[in-house]
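In: Fold the following, please.
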Amino acid sequence: MYEYQQLMELMKAKKISQSGMGRKLGYSSTSMCHLIKGGKWPKGRDKNEIKEAILDELRKAGAEEFELMNLFGPEDGTGEEPTEEKVMLLRKQGLFPEAKRHFGLVRNPFDEVNSPEDVFLSSDIRYVREAMYHSARQGGLIAVVGESGSGKSTLRKDLHERVRNESKHIHIIEPYVLAMEDNDKKGKSLKSLHIAEAIMEVIDPTAPLKSSPEARFRQLHTALRESSRAGYAHCLIIEEAHALPIPTIKHLKRFLELEDGFLKLMSIILLGQSELRYKLSETNPQVREVVQRCEMIELPDMSGSLPEYVKFRFDRIGKDATSIITAEAMEALRDRLTGPAPRSGSKESVSLVYPLAVGNLLTAAMNLAANIGAPSITPEIIKQV
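Out: Now for the predicted structure:
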């Protein structure tokens, strides 16, 4: 198996041979073969410099930025060493019994969200929440983009609860994405036929599916039309949408165009990480028809509402947050989760102040404070976690 399969495929698509790339970089075809097939980098030159040279040649050949993401496998696809903000995130933390006793807590305030009342709603999050609800009811295509742990799945669950509790006649369709990747070499790509099957399973689960694609899509359109005339709206939600293959993204426009007269029969909500932003880039000609119909909504970080979020989570378990974490420590927490820009020359910093990262870091800080006998979390403890 090739070490850098994606790099090889992109070079082939841009009509760049191994020998051609080697000549541009000053290396032999054999050296490029060792790099692509075995991950062995040529000696005598900085690896990051070689990466940047390869990316530059691909850009000259017409490669778009979204195609260059994660080009070097698990390494940083930008060609730079992982920056500080990529290594400061902690793995999942559990609150030790000693820490619970130390701070008088019945449970970890940063456990999973288990009810609508546990959902923190800043003005930014409230806007995204309402946009998703409006799309589910009225139609349209929106893409909600946020980093891992930013709360996308929580908002999806909240939408389910809201539809159920407010007795709205909305069918929510969610295709399974357990092994979804954007190509069949890394996993299983989600195709239009799979989406059609998921829709039929929700709308008319007893109906036998037609065998041919044309007959199946006609069956789908008829079922949607009949369901709509019975008073139901239909909302397709796809999580991990950054892993959707480009052909399927293009086909979403056709699902969106299923109509009964002027009435749109389906709305679509895509939930994905930052890679989705690049796949739906205005500079990507492959998806221009979708981009023109898609509203991109960013799920921002909580830098501006961090104290309110922490207070909210402690309030949910009946505890005063100020008795556990000092105001100075709150600022240290914000600084700890804010790193430099991912690319040199950029003036913007990168914030990782998201619910999951905040919860993990504060849980670890409470464990450390209990271990050393500190009465509250201080900036020094934040820095030691």
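In: only C-alpha atoms for contact and neighbour calcs from this point on.
Out: Noted.
In: so who does the residue nearest the centre of the chain touch?
Out: By Cα atoms, centre = their mean, the chain has its centre lying nearest to residue 273, at 2.1 Å. Residue 273 is in contact with 145-148, 240-242, counting by Cα atoms under 8 Å, 6 or more residues apart in numbering.
In: For residue 231, see how far away residue 202 is.
Out: Distance check for residue 202 against residue 231: by Cα to Cα, to the nearest Å, it reads 15 Å.
In: More neighbours: which of these two?
Out: residue 202 (14 against 10; other Cα atoms under 10 Å).
In: quick one: the strands in the stretch 201-350 of the chain?
Out: 233-238, 259-260, 263-264, 267-272, 294-298, 338-339, 350-351 (DSSP state E, counting those that start in this stretch).
In: Redo those strands as a markdown table? Include distance to residue 248.
Out: Listed next are these as a markdown table, based on distance: least, Cα to Cα, whole Å:
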| stretch | distance to residue 248 |
| --- | --- |
| strand 233-238 | 11 |
| strand 259-260 | 19 |
| strand 263-264 | 20 |
| strand 267-272 | 12 |
| strand 294-298 | 14 |
| strand 338-339 | 35 |
| strand 350-351 | 31 |
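In: which one of these lies closest to residue 152?
Out: strand 267-272 (6.6 Å; Cα to Cα).
In: elements contacting that closest one?
Out: Judged by 3 or more Cα pairs under 8 Å, 6 or more residues apart in numbering; DSSP states H and E, the packing partners of strand 267-272 are helix 123-138, strand 140-145, strand 233-238.
In: Switch these over to JSON lines; also include mean neighbour count and mean pLDDT.
Out: Converted to JSON lines, the helices and strands packed on strand 267-272 look like this (neighbours: other Cα atoms under 10 Å; pLDDT from 0 to 100):
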{"stretch": "helix 123-138", "mean neighbour count": "18", "mean pLDDT": "94"}
{"stretch": "strand 140-145", "mean neighbour count": "23", "mean pLDDT": "95"}
{"stretch": "strand 233-238", "mean neighbour count": "23", "mean pLDDT": "96"}
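In: For the stretch 251-385 of the chain, give me the ranges with low pLDDT.
Out: 340-349 (pLDDT under 70).
In: still on that earlier bit, ok, the contacts of residue 273 vs residue 56, which is closest?
Out: Using Cα to Cα, those come closest to residue 56 at residue 242, 24.0 Å.
In: Please tell me how far the closest one sits from residue 274.
Out: 7 Å.
In: Could you tell me whether residue 48 really is in a helix?
Out: Yes. Looking at residue 48 with DSSP: H, G, I helix; E, B strand; the rest coil, it is inside a helix.
In: Within its local environment, how many residues does it see?
Out: Residues near residue 48, counting by other Cα under 10 Å: 14.
In: likewise residue 217?
Out: Count around residue 217 with other Cα under 10 Å applied: 19.
In: Do I have it right that it meets residue 196?
Out: Yes. Residue 217 is in contact with residue 196 according to Cα atoms under 8 Å; the separation is 7.1 Å.
In: tell me the domain ranges of this structure?
Out: Per automatic domain parsing, the structural domains of the chain span 5-78, 85-113+302-384, 123-298.
In: I'd guessed residue 33 sits against residue 18; true?
Out: Yes. Residue 33 lies in contact with residue 18 (Cα under 8 Å); the separation is 6.7 Å.
In: what secondary structure does residue 107 sit in?
Out: Going by three-state DSSP: residue 107 is coil.
In: which one is it nearest to, not counting chain neighbours?
Out: residue 100 (6.9 Å; Cα to Cα, 6 or more residues apart in numbering).
In: so how far is the helix or strand hosting the one you found off the chain centroid?
Out: For residue 100, the host element (DSSP states H and E) is helix 97-103. Relative to its chain's centre, helix 97-103 lies at 34 Å (Cα atoms, centre = their mean, to the nearest Å).
In: sorry, back to before: do you know which of the strands of the stretch 201-350 of the chain lies nearest residue 374?
Out: strand 338-339 (25.2 Å).
In: Output the contacting helices and strands for the closest one.
Out: strand 350-351.
In: partners of the strand it packs on in the sheet?
Out: With DSSP bridges as the test, strand 350-351 is paired with strand 338-339 (antiparallel).
In: chain center to the strand it pairs with, what's the gap?
Out: Taking mean C-alpha positions (Cα atoms, centre = their mean), strand 338-339 and its chain are 19 Å apart.
In: for the stretch 251-385 of the chain, what spans make up the helices?
Out: 274-279, 288-291, 306-315, 327-336, 355-372, 379-384 (DSSP state H, counting those that start in this stretch).
In: okay, now residue 194: neighbour count?
Out: Residues near residue 194, counting by other Cα under 10 Å: 13.
In: pLDDT score for it?
Out: Looking at residue 194, its pLDDT stands at 92.
In: That one and residue 174 touch, don't they?
Out: No. With contacts counted by Cα under 8 Å, residue 194 stays clear of residue 174, the gap being 10.7 Å.
In: List the contacts of residue 180.
Out: 187-190, 243-244.
In: And those residues, which of them are buried?
Out: 188-190, 243-244 (16 or more other Cα atoms under 10 Å).
In: and the gap between residue 106 and residue 46?
Out: In terms of Cα to Cα, residue 106 sits 52 Å off from residue 46.
In: Of all the helices and strands packed on strand 267-272, which one comes closest to residue 297?
Out: strand 140-145 (4.9 Å).
In: which strands and helices sit next to that closest one?
Out: Short answer (3+ Cα pairs under 8 Å, 6+ apart): strand 140-145 packs on helix 123-138, strand 267-272, helix 274-279, strand 294-298.
In: what angle separates it from strand 267-272?
Out: Here strand 140-145 runs at an angle of 10 degrees relative to strand 267-272 (axes from the mean of the first three to the mean of the last three Cα atoms, to 10 degrees).
In: Please work out which residues outside strand 140-145 touch it.
Out: Contacts for strand 140-145 (Cα under 8 Å, 6+ apart): 128, 132, 135, 152, 256, 266-274, 276-277, 293-299.
In: Let's see the PyMOL selection covering just the buried ones among the residues you listed.
Out: Selecting only the buried entries of those in PyMOL, with 16+ other Cα under 10 Å as the criterion:
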select buried, resi 128+132+135+152+256+266+267+268+269+270+271+272+273+276+277+294+296+297+298+299
